[in-house]
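Peer 1: Here you go, sequence then predicted model.
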Amino acid sequence: MSDSLGAALRTLLALEPTDDEVRRVLDLDDARRKRRRHVTAIGLAMVLAIAGVSAAPPTRAGLDNALDSLWSDDSPGRALMPQDNVPSWLRAEPGEHRVLAEAGGVPLVASRDGDRFSVTLGNSFGEGGSLDDWRMFIGIHAVALLGPASFAPNEPFDAQGRRPLFGLAAKNVARVELTYTFGPPTSDDQVNGGFGFLADATRPPQALVAYDRNGRQIERRDMSTIDLRVCSNVRGCPPGRLVPRRRTR
Amino acid sequence: MHEREDAARRAMKIAMGIAMAVLGNREDAADVAQDVALDVLRSLGRLREPAAFDAWVRKIAVRHAVRARRRRTAVGSVPEPVMSDERDMVIASRAALSRALADLPPRQAIALVLRYVHDLTDREIAAALGCRRGTANALLSRGRAALREVAELQELMEATR
């Protein structure tokens, strides 16, 4: 038991931070050091005056993240149109509805009603919660994956084995790319608060990468635990059973 | 510059393993690792004995991971956005172990990680957890026993043999 447990634990927990994660820590630490130097130079009297206006620490909430994009006054995306493929109940729901992204004719709709915010992925499913719920989900991230949708009931894939995949993105994200363990990535080059593309369910995903308008990488998130296949097509599934590891090239 | 970067990277690596065991997902573990690395960088100048770096980071990581777990428990469950109603999302097999660990009391999960991933002795585990050696040993025993009762894990154990 102990040997096999140890092997399994080592496999699960041998995690490495990405270069971006390390860079972010160093940047935050740099900002803290600069503040300290600044504060020391101007002296105690000025500290009291400045603390309230310019020496506020760069808290996580202050960073540009996907949450800001959703709750800002300049609503991202476009208004919901009559021809959009959404559940009929959604149109009857109170609040403002915006289409943040589309993939293969399937829209990602964000709805805001007072302090409640929800998203609907085509006709597949929705997710709702308070601002705090979403803050916990999105955290400091510039991109947050919501999940896959279907083209129609019992029609999750197109002829090429692709399915719509959606997520939320910060205002400064212009392009989102899904990379796989092999083969070319899939991307959305017109990100506006949300992203969506037809992801290849036949290849294991590797990472979700966000870029700004200048092509600079903003964030890279691990997607290696995500599997876009449908249970009925996979031996050992559905839930409650361990799914065999998929082969990677 | 390199010294800071190396310290941050090393601290994050140690913290991620510990936090992953307690929190059950990489994103939350990465958030804890970030906090730990910032604490480490802030106090790096005060570390007199470089050989004690890992043990020092482990103590900080344990504190942050347990605090994050408490915070999460207090707030309640977070939405699971990658699961659909159709239950057509398949989570990789490692999720079974991840879930089982995250269900353990945090100190038991941490004790298991420190033993099996970091190869620490009972005494070193006790130092990281701030408890006696006998307590560390008991935490390990109880953690192992709890994992043995998780049926899904039996399959995983077989698979890794």
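Peer 2: Arrived safely. Just so it is clear, the structure is predicted and the values come from calculations on it, not from any experiment.
Peer 1: Residue A:108 against residue A:119, yeah?
Peer 2: Yes: counting by Cβ atoms under 8 Å, residue A:108 touches residue A:119, with 6.5 Å between them. Heads up, the C-betas are built off the backbone N, CA and C, glycines and all.
Peer 1: And the two? Which one has more around it.
Peer 2: residue A:108 (27 against 24; other Cβ atoms under 10 Å in any protein chain shown).
Peer 1: which non-adjacent residue is nearest residue A:10?
Peer 2: Nearest non-adjacent residue to residue A:10, counting by Cβ to Cβ, 6 or more residues apart in numbering or on different chains: residue B:117, 5.5 Å away.
Peer 1: same check, this time on residue A:213
Peer 2: residue A:174 (4.5 Å).
Peer 1: Contacts only, for residue B:67.
Peer 2: With contact set as Cβ atoms under 8 Å, 6 or more residues apart in numbering or on different chains, residue B:67 has no partners.
Peer 1: can I assume it sits in a helix?
Peer 2: Yes: assessed with DSSP: H, G, I helix; E, B strand; the rest coil, residue B:67 lies in a helix.
Peer 1: what about it, distance to chain A?
Peer 2: 15 Å (Cβ to the nearest Cβ, to the nearest Å).
Peer 1: In terms of pLDDT, where does that residue sit?
Peer 2: Residue B:67 carries a pLDDT value of 83.
Peer 1: can you check residue B:95 too?
Peer 2: pLDDT recorded at residue B:95 is 64.
Peer 1: Which neighbours do residue A:108 and residue A:119 have in common?
Peer 2: Common neighbours of residue A:108 and residue A:119 (Cβ under 8 Å, 6+ apart) are A:100, A:146, A:166, A:194.
Peer 1: Report the two of the residues you listed separated the most.
Peer 2: A:100 and A:146 (9.8 Å; Cβ to Cβ).
Peer 1: anything in contact with each of those two?
Peer 2: A:108, A:119, A:166, A:168.
Peer 1: quick one: contacts for residue A:108?
Peer 2: With contact taken as Cβ under 8 Å, 6+ apart, residue A:108 is in contact with A:99-102, A:119-122, A:146, A:149, A:166, A:194, A:196.
Peer 1: how about those in JSON lines, adding distance to chain B, secondary structure and pLDDT?
Peer 2: Formatted as JSON lines, these follow (distance: Cβ to the nearest Cβ, whole Å; DSSP: H, G, I helix; E, B strand; the rest coil; pLDDT from 0 to 100):
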{"residue": "A:99", "distance to chain B": "18", "secondary structure": "strand", "pLDDT": "89"}
{"residue": "A:100", "distance to chain B": "14", "secondary structure": "strand", "pLDDT": "89"}
{"residue": "A:101", "distance to chain B": "15", "secondary structure": "strand", "pLDDT": "92"}
{"residue": "A:102", "distance to chain B": "18", "secondary structure": "strand", "pLDDT": "93"}
{"residue": "A:119", "distance to chain B": "8", "secondary structure": "strand", "pLDDT": "84"}
{"residue": "A:120", "distance to chain B": "12", "secondary structure": "strand", "pLDDT": "85"}
{"residue": "A:121", "distance to chain B": "8", "secondary structure": "strand", "pLDDT": "86"}
{"residue": "A:122", "distance to chain B": "11", "secondary structure": "coil", "pLDDT": "83"}
{"residue": "A:146", "distance to chain B": "5", "secondary structure": "strand", "pLDDT": "86"}
{"residue": "A:149", "distance to chain B": "8", "secondary structure": "coil", "pLDDT": "87"}
{"residue": "A:166", "distance to chain B": "10", "secondary structure": "strand", "pLDDT": "92"}
{"residue": "A:194", "distance to chain B": "13", "secondary structure": "strand", "pLDDT": "89"}
{"residue": "A:196", "distance to chain B": "14", "secondary structure": "strand", "pLDDT": "95"}
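Peer 1: Could you find the residue nearest the spatial middle of the chain?
Peer 2: Unless you meant another one, I'm taking chain A. Nearest residue to the geometric centre of chain A (Cα atoms, centre = their mean): residue A:144, 1.1 Å.
Peer 1: oops, I was thinking of chain B
Peer 2: residue B:18 (1.9 Å).
Peer 1: is it fair to say the residue nearest to the centre of chain A lies in a helix?
Peer 2: No: read with three-state DSSP, residue A:144 is strand and lies in no helix.
Peer 1: wait, it sits on residue A:138?
Peer 2: Yes: Residue A:144 lies in contact with residue A:138 (Cβ under 8 Å); the separation is 4.7 Å.
Peer 1: Tell me how many other residues surround residue A:197.
Peer 2: Close neighbours of residue A:197, defined as other Cβ under 10 Å, add up to 23.
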